[in-house]
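A.B. asks: coords below, sequence missing:
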């Protein structure tokens, strides 16, 4: 198995990407990586870490794509950038199975959509980040930014792709799928949501459990939530922001009184565990589901632990044949007319 690692574009680049990749190959004997970035800097980091492994390749690409770059311009003009070079390797080298990047999301989605074929039958790729639940499990949100406007059959495909992803990457058996809506009743929401509900209810290969209100995301009652990319992005960022602000409030209150500080000392271990539980770095990145090759988008501020988690995500999806399973499940839901149109 071979993964391309885009080593530039993040807050902790390239050290975090290089170290995360090295941890990955040490963990998985059948994994090799291609580190894409400034060759001189990559070699210096590897030398400093004492890494001399034939499973590590380097491709020189010193250019960096930032969040300020317009995606179409970046794809066209920054061909020497680490991200575009990584996408090119993913497309042209048959030995490459997947890619990990923590660079600009807009450019990554645009480049992958334009240059990487989709899994057969998939209408649109979608992003699926993972969040922790209050029961110690995880919940995926699909879509969370790739598709602002969707149709009922796209939501159906998101449910199928997300289910196969959770099974392959996290061994979740029969993931419970919910539709994000303004109420739990079947007739709630607009025409899109009502039609999607009816479609999901009769879709084979998924375990659809009905509508879900946003406040229930972290309850542990659901494994996958499907929605349009705009709503999903707002949902994820709202939850993450609330968690961060709550932690700040607790910390501020603890230091406001001596007796609170004394109590906090007794609960120090618990606070540390809660902080670790809510640390997004431990849950890897957002996966671009529907692309023919596996693509994991890590957090821009990800450290080496986050990058290691992203490498593990990609490894498990490839090892457990996620994309072939997605293709098979999608094909089972296509109408005869849709199958003919694809031919």
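C.D. replies: Perfect, thanks for sending it. Not measured: the values here are computed from a predicted model. Numbering: from 1, shown residues only.
A.B. asks: Which parts of the protein are strands?
C.D. replies: According to DSSP state E, the chain carries its strands in the segments 2-6, 32-37, 56-60, 98-101, 126-128, 130-132, 138-142, 176-180, 207-212, 224-226, 286-289, 294-297.
A.B. asks: what angle do the third one and strand 2-6 make?
C.D. replies: Just to be clear, that refers to strand 56-60. 40 degrees (axes from the mean of the first three to the mean of the last three Cα atoms, to 10 degrees).
A.B. asks: what does strand 56-60 rub up against?
C.D. replies: Outside strand 56-60, the residues within contact range by Cβ atoms under 8 Å, 6 or more residues apart in numbering are 21-22, 25, 32-39, 42-43, 46, 85, 89. For every residue, glycine as well, the C-beta is placed using N, CA and C.
A.B. asks: Run a quick check on residue 226 versus residue 178, I expect a contact.
C.D. replies: Yes - counting by Cβ atoms under 8 Å, residue 226 does reach residue 178; the two are 7.4 Å apart.
A.B. asks: Show me which of these two is the more surrounded one.
C.D. replies: For residue 226 and residue 178, the more surrounded residue by other Cβ atoms under 10 Å is residue 226, and the numbers stand at 31 against 24.
A.B. asks: how close does that one sit to residue 325?
C.D. replies: 18 Å (Cβ to Cβ, to the nearest Å).
A.B. asks: can you count the residues close to residue 78?
C.D. replies: Residue 78, neighbours per other Cβ under 10 Å, totals 19.
A.B. asks: Tell me, how many residues neighbour the spatially closest residue to it that is not a sequence neighbour?
C.D. replies: Nearest residue to residue 78, sequence neighbours excluded (Cβ to Cβ, 6 or more residues apart in numbering): residue 63, at 5.1 Å. Residues contacting residue 63 under the criterion other Cβ under 10 Å number 18.
A.B. asks: The one 10 residues further on now?
C.D. replies: Other residues near residue 73 number 11, with proximity taken as other Cβ under 10 Å.
A.B. asks: returning to that earlier point: for the residue nearest to residue 78, report the pLDDT, please.
C.D. replies: On pLDDT, residue 63 comes in at 95.
A.B. asks: I'd like the distance between it and residue 313.
C.D. replies: Taking Cβ to Cβ, one finds residue 63 at 26 Å from residue 313.
A.B. asks: gap between stretch 299-310 and the chain center?
C.D. replies: Centroid displacement of stretch 299-310 relative to its chain, using Cα atoms, centre = their mean, to the nearest Å, is 12 Å.
A.B. asks: right, I mislabeled it, should have said stretch 306-316
C.D. replies: 10 Å.
A.B. asks: Likewise for stretch 101-111?
C.D. replies: 12 Å.
A.B. asks: what is the mean pLDDT for it?
C.D. replies: For stretch 101-111, the per-residue pLDDT averages 92.
A.B. asks: contact partners of that stretch?
C.D. replies: Under the criterion Cβ under 8 Å, 6+ apart, residues 5-6, 8-10, 13, 16-17, 64-67, 69, 71-72, 74-75, 82-84, 86-87, 125, 127, 145-146, 285, 288, 295-300, 302, 306-307, 310 lie in contact with stretch 101-111.
A.B. asks: can you rerun that using 7 Å?
C.D. replies: Contacting residues not belonging to stretch 101-111 are listed as 6, 8-10, 65-67, 69, 71-72, 74-75, 83-84, 86-87, 145-146, 288, 297-300, 302 [Cβ atoms under 7 Å, 6 or more residues apart in numbering].
A.B. asks: The stretch 1-150 of the chain: helices as residue ranges?
C.D. replies: 15-27, 39-48, 71-77, 82-92, 105-115 (DSSP state H, counting those that start in this stretch).
A.B. asks: residues near residue 324, how many?
C.D. replies: With other Cβ under 10 Å as criterion, residue 324 counts 12.
A.B. asks: for it, what are its contacts?
C.D. replies: By Cβ under 7 Å, 6+ apart, residue 324 lies in contact with nothing.
A.B. asks: Any stretches of this protein with poor pLDDT?
C.D. replies: 335-343 (pLDDT under 70).
A.B. asks: Looking at it, which helix is longest?
C.D. replies: Counting residues, the longest helix found in the chain (DSSP state H) is helix 229-254.
A.B. asks: quick check: angle from it to strand 138-142?
C.D. replies: Going by the same axes, to 10 degrees, helix 229-254 makes 140 degrees with strand 138-142.
A.B. asks: Mind giving me the packing neighbours of helix 229-254?
C.D. replies: Counting contacts by 3 or more Cβ pairs under 7 Å, 6 or more residues apart in numbering; DSSP states H and E, helix 229-254 packs against strand 138-142, helix 258-266.
A.B. asks: That one: how far from the chain's middle?
C.D. replies: Helix 229-254 has its average C-alpha position 19 Å from the chain's average C-alpha position, going by Cα atoms, centre = their mean.
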